[in-house]
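Chemist: Structure for the following, please:
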Amino acid sequence: MHEIASTDRGDLHAKMKRILAGCCTAFVLVLGVAFVAIWLGMKDAQVEARASLGWPAAPGTILESEVIDQLGFRATDERPTKRAGTTYRPRVRYEYHVAEVRHEGTRIAVFQTLDATREEAEARLAPYPVGAPVDVHHNPTDATRAVLEPGPETFDNTYFFAFGGGFLAILAALALVVRGILRTRST
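Modeler: Residues are numbered from 1 along each chain as shown. I've put the predicted structure just below:
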């Protein structure tokens with residue numbers, strides 16, 4: 001009888017170990033897929049930012065220019081919660097014409113950054129008051145893709161590779177945990 005109970009416990013322990021390893025493996029796979037999706041998006045944005053250096057410019061006009069917080073609230077909006085550490089971003093809307101077709105854009109640069117203070121975001125918007133004439137750089141194959149400031153801006157390969165390296169380190173650590181779980185022997 002003791003032998004049967006001991007065997008059942010061993011089988012249960014082995015099943016639990018396989019379930020835990022399966023869950024960890026699934027988690028590693030989900031993180032891996034998320035990393036690849038984000039990495040590919042960042043890579044595409046970098047390619048677009050570099051390509052924007054060669055885009056032609058069309059005359060445009062600023063239609064809206066304001067500072068909003070990271071969740072999209074204007075200073076006059078009532079906030080549902082009080083938050084500490086609010087960061088801000090400049091928001092613009094401009095119009096431009098390419099081949100006599102009117103387009104609207106909202107990107108200052110390919111990478112939209114957040115500023116720590118309202119003053120930093122306002123300084124970023126200073127060259128773009130409502131009604132100001134601007135040069136709008138647009139993708140020659142898709143005129144709806146446009147920026148006011150071409151190029152990679154402040155986002156460079158350092159952040160790109162640091163982000164990727166961090167994710168790869170996490171995935172490697174989780175893979176080692178799964179390997180350790182699978183290699184342990186039942187006692």
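Chemist: Give me the neighbour count for E119.
Modeler: Neighbourhood size, E119 [other C-beta atoms under 10 Å]: 11. To be clear about C-beta, it is placed using only N, CA and C from the backbone, and glycine gets the same treatment.
Chemist: What separation do you get for it and P127?
Modeler: Per C-beta to C-beta, to the nearest Å, E119 is found 15 Å from P127.
Chemist: what helix or strand is G41 on?
Modeler: helix 2-51 (DSSP states H and E).
Chemist: Go ahead and name everything in contact with whichever helix or strand comes after that helix.
Modeler: Once the chain leaves helix 2-51, the next helix or strand it forms, by DSSP H and E, is strand 57-69. Residues outside strand 57-69 that contact it (C-beta atoms under 8 Å, 6 or more residues apart in numbering): 74-75, 86-98, 104-105, 118, 121-122, 125, 128-138.
Chemist: now the next helix or strand after strand 57-69 against strand 57-69, angle please.
Modeler: As assigned by DSSP H and E, the chain's next helix or strand after strand 57-69 is strand 88-98. Orientation check (axes from the mean of the first three to the mean of the last three C-alpha atoms, to 10 degrees): strand 88-98 against strand 57-69 gives 160 degrees.
Chemist: neighbouring contacts of strand 88-98?
Modeler: So strand 88-98 is contacted by 58-70, 102-106, 108, 112-118, 120-122, 124-125, 128, 134, 136, 138, 143, 146, 148 (C-beta under 8 Å, 6+ apart).
Chemist: Let's test this: mean pLDDT of that strand, rounded?
Modeler: For strand 88-98, the mean pLDDT works out to 93.
Chemist: ok, now stretch 67-83?
Modeler: Stretch 67-83 comes out at a mean pLDDT of 59.
Chemist: How about stretch 135-152?
Modeler: 94.
Chemist: now swap in stretch 14-32 and tell me
Modeler: 78.
Chemist: Name the nearest residue to F35, sequence neighbours excluded.
Modeler: F167 (4.2 Å; C-beta to C-beta, 6 or more residues apart in numbering).
Chemist: tilt between the helix or strand encompassing that neighbour and helix 2-51?
Modeler: Element membership for F167, per DSSP H and E: helix 157-183. Note on geometry: by the same axes, to 10 degrees, helix 157-183 and helix 2-51 are set 170 degrees apart in direction.
Chemist: Right, I'll leave it there.
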